[in-house]
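Novice: give me a 3D structure for the following:
(chains A and B)
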Amino acid sequence: MAKEKKVEQITDMERDFAQWYTDVVTRAELIGYSGVKGFFILRPYGYAIWENIQAYLDGKFKELGHENVSMPLLIPESLLQKEKDHVAGFAPECAWVTFGGAEELEERLCIRPTSETLFCDHWSDTVQSHRDLPKLYNQWCSVLRWEKSTRPFLRHREFLWQEGHTLHAAADEAIQETEQMLEVYAECYENLLAMPFIKGRKTDSDKFAGAERTYTCECMMRDGKALQACTSHYFGDGFARAFEITYQDKEGKLAYPHQTSWGLSTRSIAGLIMTHGDNNGPVMPPRVAPIQVVVIPVASHKPGVSEAARALLNTLKAAGIRAKIDESDNSPGWKFAEYEMRGVPLRVELGPRDIEMGKCVAVRRVDGAKEEIAIADIAIRVPEILDEIHYAMFEKAARYLSANTHSAATIEDAQAIYSARGGFIKTAWCGEEACEDKMKEIASISSRCIPFDDAVPERGAVCAVCGKPAVNNVIWGAAY
RNA sequence: CCGGGUGUGGCGCAGCCGGUAGCGCGCUUGACUGGGGGUCAAGAGGCCGCAGGUUCAAAUCCUGUCACUCGGACCA
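Specialist: Numbering: from 1, shown residues only, chains lettered A, B, ... in the order given. A predicted model of the protein is given here:
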């Protein structure tokens, strides 16, 4: 499988994974740096990925009855402080507006790090009856968190995301919503981004500030580290009580509604790069790839080549494929390397010899596999290949995830396995935060989640850290 | 926030015991080429991160600051 190195500007991931990542996002022209730390430019090729994720999720949200809204950018300090766990979680990383023009403000305004408080404030005014429920809202926006260390897509001070916020009469309905939206994210990762994950619940120490429960999808990057790929939170009625959101139920009694929120950010783009990328650059999963197929005419000065290549492009476009042609006068070899560095899933070469034989050559980015396709079959065969690439990428990543997830019986085992092989470690756990702290201290890994698929330890299992009876299995790892 | 490294044309870098900026790639124009980053020729392009200071003179020395990067802490 070892391929020859084709792009000299990109550091090998085996040599320096962090540098590889930085090289990829800049060389593939996904990101640009601005003059302010942590504020990044999503260049057209990077933003197009986000637009494709947006289009997919926005469609799903609306199918499930959610409505898009736009809430304010600024949160008055008094509002932010109404829920104590929430403010304790976010206050350290808030940025504040203190002046309007030359006037110092009487109350400083927080640039939203997340919008729970704004939705709550709005609902406290607008929800009165059980007939007003549920509220199923979502917004696409950017939020601001004053992070200390920043990295493209992984940790921005300002980042793009969507935040869904819902309000329900019944607790079980809200819990169901929380689970449903996690499932929407899981499907997005599997079906759009070709990324495998471990779905699960966060331990109490790691849940969202103010949440009763936090669900997550944890993905594994190619350096073995974990990326929290999305979250879905159940709040119970804690926010409703803090913000005095009440409604009259069918019996005419005042009640507190139950609330959820869920989000997925441009961090997902970091995830797809670090899941699928190789030493020649990113490898775009076909269903989110801004360019799915690039057509490269060879010897386009020869009669008929340019025309045939454009006809091929139009056929692909008519088949609903995001296709592009490169008619620049760079050499074919230059173009091959260029689109590999951009991660375009499929390259179609068309030259005089192909035209003579009524075929073209298709080359897959993920594994370099070549296939000759009759030009007449292009509209049928190319979509099939794109699908095959999608499944091949998912399978490859899934094998990597499972090959790098190991079980351990004791903290010493966990430490030994992690330091030798990295990746995820699964152990039984007693439920105590002290044991999480100790695991972090001894083995340098933190709890990622309690996996849904395998939450309950075997009969008689004991906590890997303290040896007391276990209540859950936990997936541990080093996290981004 | 702590520690290491780095800021010089679009990119990668040299110049740094002071004397007014250079190389490779890329870019522009033209010709020949064209199935894995082609060849030749002629060109264009620089507030040396920013702000102070020392000096007759600063990319070079001093101070501060900003940004990038790697590691750590913090964070989701």
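
Novice: any idea how chain A splits into domains?
Specialist: A:36-272, A:293-386, A:405-477 (automatic domain parsing).

Novice: of these, which approaches RNA strand B most closely?
Specialist: domain A:293-386 (2.4 Å; C-beta to the nearest atom of the strand). For the C-beta atoms, the positions are set from N, CA and C on the backbone; glycine is no exception.

Novice: quick revisit: make TSV out of the domains of chain A and add mean neighbour count.
Specialist: TSV is the format used below for the domains of chain A (neighbours: other C-beta atoms under 10 Å):
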stretch	mean neighbour count
domain A:36-272	19
domain A:293-386	17
domain A:405-477	18
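
Novice: make TSV out of the ones you listed and add distance to RNA strand B and mean pLDDT.
Specialist: Output for those, formatted as TSV (distance: least, C-beta to the nearest atom of the strand, whole Å; pLDDT from 0 to 100):
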stretch	distance to RNA strand B	mean pLDDT
domain A:36-272	3	96
domain A:293-386	2	96
domain A:405-477	6	95
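
Novice: would you reformat those domains as CSV and include distance to A:Gly281?
Specialist: CSV is the format used below for these (distance: least, C-beta to C-beta, whole Å):
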stretch, distance to A:Gly281
domain A:36-272, 12
domain A:293-386, 4
domain A:405-477, 23
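
Novice: quick one, helices of chain A?
Specialist: A:17-27, A:44-63, A:77-80, A:84-90, A:116-126, A:171-187, A:238-242, A:267-276, A:305-318, A:332-341, A:352-357, A:378-403, A:411-421, A:433-443 (DSSP state H).

Novice: tell me how far stretch A:59-79 is from the chain's mean position?
Specialist: 19 Å (C-alpha atoms, centre = their mean, to the nearest Å).

Novice: no no, stretch A:341-348
Specialist: That offset, for stretch A:341-348, works out to 21 Å (C-alpha atoms, centre = their mean).

Novice: repeat for stretch A:187-203
Specialist: In terms of C-alpha atoms, centre = their mean, the centre of stretch A:187-203 is found 9 Å from the chain centre.

Novice: thinking again about what came up before, could the helices of chain A be laid out in a markdown table, adding distance to A:Gly35?
Specialist: Shown next, in a markdown table, are the helices of chain A (distance: least, C-beta to C-beta, whole Å):
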| stretch | distance to A:Gly35 |
| --- | --- |
| helix A:17-27 | 16 |
| helix A:44-63 | 18 |
| helix A:77-80 | 28 |
| helix A:84-90 | 26 |
| helix A:116-126 | 29 |
| helix A:171-187 | 34 |
| helix A:238-242 | 37 |
| helix A:267-276 | 22 |
| helix A:305-318 | 38 |
| helix A:332-341 | 26 |
| helix A:352-357 | 48 |
| helix A:378-403 | 36 |
| helix A:411-421 | 39 |
| helix A:433-443 | 36 |
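
Novice: of those helices, give the one that comes closest to A:Ile198.
Specialist: helix A:378-403 (7.6 Å; C-beta to C-beta).

Novice: now do the closest one and helix A:267-276, the angle between them.
Specialist: 80 degrees (axes from the mean of the first three to the mean of the last three C-alpha atoms, to 10 degrees).

Novice: thinking A:His10 is in contact with A:Val25, fair?
Specialist: That one is not His; residue A:10 is Ile. No: the pair A:Ile10 and A:Val25 does not pass the contact test of C-beta atoms under 8 Å, sitting 10.4 Å apart.

Novice: so A:Arg213 sits right up against A:Glu177, yeah?
Specialist: No: contact criterion C-beta under 8 Å: A:Arg213 and A:Glu177 do not qualify, at 12.0 Å.

Novice: quick one: distance of stretch A:15-25 to the chain centre.
Specialist: Using C-alpha atoms, centre = their mean, the offset of stretch A:15-25 from its chain centre is 19 Å.

Novice: quick one: is that stretch near RNA strand B?
Specialist: Yes: Stretch A:15-25 lies within reach of RNA strand B by C-beta under 7 Å from any atom of the strand, at A:16-19, A:21-22.

Novice: got those as a markdown table, with pLDDT and neighbour count columns?
Specialist: A markdown table is the format used below for these (pLDDT from 0 to 100; neighbours: other C-beta atoms under 10 Å):
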| residue | pLDDT | neighbour count |
| --- | --- | --- |
| A:Asp16 | 89 | 12 |
| A:Phe17 | 93 | 17 |
| A:Ala18 | 92 | 11 |
| A:Gln19 | 90 | 13 |
| A:Tyr21 | 94 | 25 |
| A:Thr22 | 93 | 16 |
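
Novice: out of those residues, the closest to RNA strand B would be?
Specialist: A:Ala18 (3.4 Å).

Novice: quick one on the thing from earlier: for A:Leu227, find the nearest of the helices of chain A.
Specialist: Among those, helix A:267-276 comes nearest to A:Leu227, with 5.0 Å by C-beta to C-beta.

Novice: who's in contact with the most centrally placed residue in chain A?
Specialist: Among the residues of chain A, the one closest to the centroid is A:Ser268, at 2.2 Å (C-alpha atoms, centre = their mean). Contacts here follow C-beta atoms under 8 Å, 6 or more residues apart in numbering; on that basis A:Ser268 touches A:53, A:189, A:193, A:229-230.

Novice: what is the nearest of those residues to A:Gln81?
Specialist: A:Cys230 (27.5 Å).

Novice: let me see the contact set for the closest one.
Specialist: By C-beta under 8 Å, 6+ apart, the neighbours of A:Cys230 are A:182, A:185, A:188-189, A:216-217, A:262-264, A:268.

Novice: and the closest residue to A:Val184 other than its chain neighbours, how far is that from A:Ala194?
Specialist: Nearest residue to A:Val184, sequence neighbours excluded (C-beta to C-beta, 6 or more residues apart in numbering): A:Lys60, at 5.1 Å. From A:Lys60 across to A:Ala194, the span is 17 Å (C-beta to C-beta, to the nearest Å).

Novice: ok, A:Leu144 next?
Specialist: 31 Å.

Novice: tell me who's in contact with the residue nearest to A:Ser34 when sequence neighbours are not counted.
Specialist: With C-beta to C-beta, 6+ apart as the criterion, A:Ser34 has its nearest non-adjacent residue at 5.8 Å, and that residue is A:Ile41. Listed by C-beta under 8 Å, 6+ apart, the contact partners of A:Ile41 are A:31-34.
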